[in-house]
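> heads up, no residue letters with this:
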């Protein structure tokens, strides 16, 4: 990438929004002066007021109700937002990244190796342009809040070598050649990689070398690999059966050898079809999951069966969050506040009207 391409990749745009009350406003903040990080939007309620106004995850807060947010601590920012009843005015900045053209040549897939070697697909993931080092990870990564929740467990899905398949007849005829057809076009007489002798009859071409068919064998059981597929590992050649018994991992649930995709979860390996959601019985694969009483659950089923939302902010109460039960609902400890003055009511005497908590001083205030 040239210097001209790097310049102007990232631009800061400032915009303002006004959310009409009452709360909840549909967003949560992270950072603050006490965290030595700018106040940024860390999570949005789908379909909430902030989403409808165009607020995005990772946007930095410049001001809250005409008060500069740069010198606000996290609690001060929360209190300022709670104090807004009829409307909430925000000025935010957003990092815009312009696309960078990358030229790449065509990638040709490797030709099937003779002898039945299973092809191993390779995937290239483009590396995103890095944001300035001074910006926190929850700004540069819009999925930071969901990925690093304390109660969320993730999985890793890898591709184990597929079992070798018999070489198709059309391919087999191209790698088995008769002596009367003459030497290859290179003009060189084929030499067997096993015995180092000149090959005068039929021969195989595998791993970039030539072999007598009867000498192309599994290094463990010595079975001839002329017809079936094979695996190469650390310079040795194995048939499918010997390779699986020697290198393939076992499934932690069914205890059988894994010869296809491998699911890595809970520091163990599973068949993809063995690691299922305990509720819907669908393979979890590389999706996030939750553990409850030793059983894995996909995210949607866990929310339906065990999830609890805060009645104040409408966000889920995560494991490790401080919360309380009042008025028949669950609340984050910081969300249980007077509906009029926003004073925190945790551990204090309170009154209620229309399912909203009120402090003693506003107990008879009309809502």
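Thanks, I have it. Since we're looking at a predicted model, the values are computed, not measured. Residues are numbered from 1 along each chain as shown.
> low-confidence ranges in the stretch 1-150 of the chain?
Counting by pLDDT under 70, the stretch 1-150 of the chain contains low-confidence ranges at 1-10, 96-150.
> tell me where it has strands.
Counting by DSSP state E, counting those that start in this stretch, residue ranges of the strands within the stretch 1-150 of the chain are 10-20, 27-32, 37-44, 60-64, 67-68, 87-97.
> contacts for the second one, please.
With contacts defined as C-beta atoms under 8 Å, 6 or more residues apart in numbering, strand 27-32 is touched by 37-45, 48, 50, 55, 61, 72-78, 81, 136, 138, 145, 313, 315. (Glycine included, C-beta is placed from N, CA and C.)
> re the thing from before, in TSV, list the strands of the stretch 1-150 of the chain along with mean neighbour count.
Listed next are those as TSV, based on neighbours: other C-beta atoms under 10 Å:
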stretch	mean neighbour count
strand 10-20	12
strand 27-32	21
strand 37-44	21
strand 60-64	21
strand 67-68	12
strand 87-97	17
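> closest to residue 347 out of the ones you listed?
Closest approach to residue 347 among these is made by strand 27-32 (23.1 Å; C-beta to C-beta).
> list the neighbouring strands of the closest one plus their orientation.
strand 37-44 (antiparallel) (DSSP bridges).
> how distant is the partner strand from the center of its chain?
20 Å (C-alpha atoms, centre = their mean, to the nearest Å).
> ok, back up a step: I'd like the strands of the stretch 1-150 of the chain as CSV, with distance to residue 229 appended.
Output for those, formatted as CSV (distance: least, C-beta to C-beta, whole Å):
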stretch, distance to residue 229
strand 10-20, 49
strand 27-32, 52
strand 37-44, 49
strand 60-64, 55
strand 67-68, 68
strand 87-97, 45
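> ok, which of those comes nearest residue 264?
The nearest among these, by C-beta to C-beta, is strand 37-44 at 27.5 Å.
> between strand 87-97 and that closest one, find me the angle.
Orientation check (axes from the mean of the first three to the mean of the last three C-alpha atoms, to 10 degrees): strand 37-44 against strand 87-97 gives 100 degrees.
> need the contact partners of the longest helix seen in the chain.
Counting by DSSP state H, the longest helix found in the chain is helix 74-83. The contact list for helix 74-83 (C-beta under 8 Å, 6+ apart) reads 23, 25, 29-32, 34-35, 39, 61, 64-65, 67, 69, 72, 88, 334, 337, 342.
> swap the cut-off to 6 Å and go again
Residues outside helix 74-83 that contact it (C-beta atoms under 6 Å, 6 or more residues apart in numbering): 29, 32, 34, 39, 64, 337, 342.
> how far away is the second one from residue 261?
Spelled out, that is residue 32. 43 Å (C-beta to C-beta, to the nearest Å).
> with distance to residue 195 added, can I get the contacts of helix 74-83 in CSV?
Shown next, in CSV, are the contacts of helix 74-83 (distance: C-beta to C-beta, whole Å):
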residue, distance to residue 195
29, 73
32, 74
34, 75
39, 74
64, 81
337, 85
342, 87
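> what's around the nearest residue to residue 195 once chain neighbours are set aside, how many residues?
Once flanking residues are discounted, residue 195 sits nearest to residue 215: 6.1 Å by C-beta to C-beta, 6 or more residues apart in numbering. By other C-beta atoms under 10 Å, 17 other residues sit near residue 215.
> equivalent analysis for residue 234, please.
With other C-beta under 10 Å as criterion, residue 234 counts 6.
> so it versus residue 309, what's the distance?
53 Å.
> next one: residue 45
From residue 45 to residue 309 the distance is 10 Å (C-beta to C-beta).
> and for residue 78?
Residue 78 is 18 Å from residue 309, by C-beta to C-beta.
> do residue 270 as well
31 Å.
> between those two, which one's more packed in?
residue 270 (25 against 16).
> residues in contact with that one?
251, 252, 253, 263.
> pretty sure it sits in a helix.
No: Residue 270 sits outside any helix when classified using DSSP: H, G, I helix; E, B strand; the rest coil, being strand.
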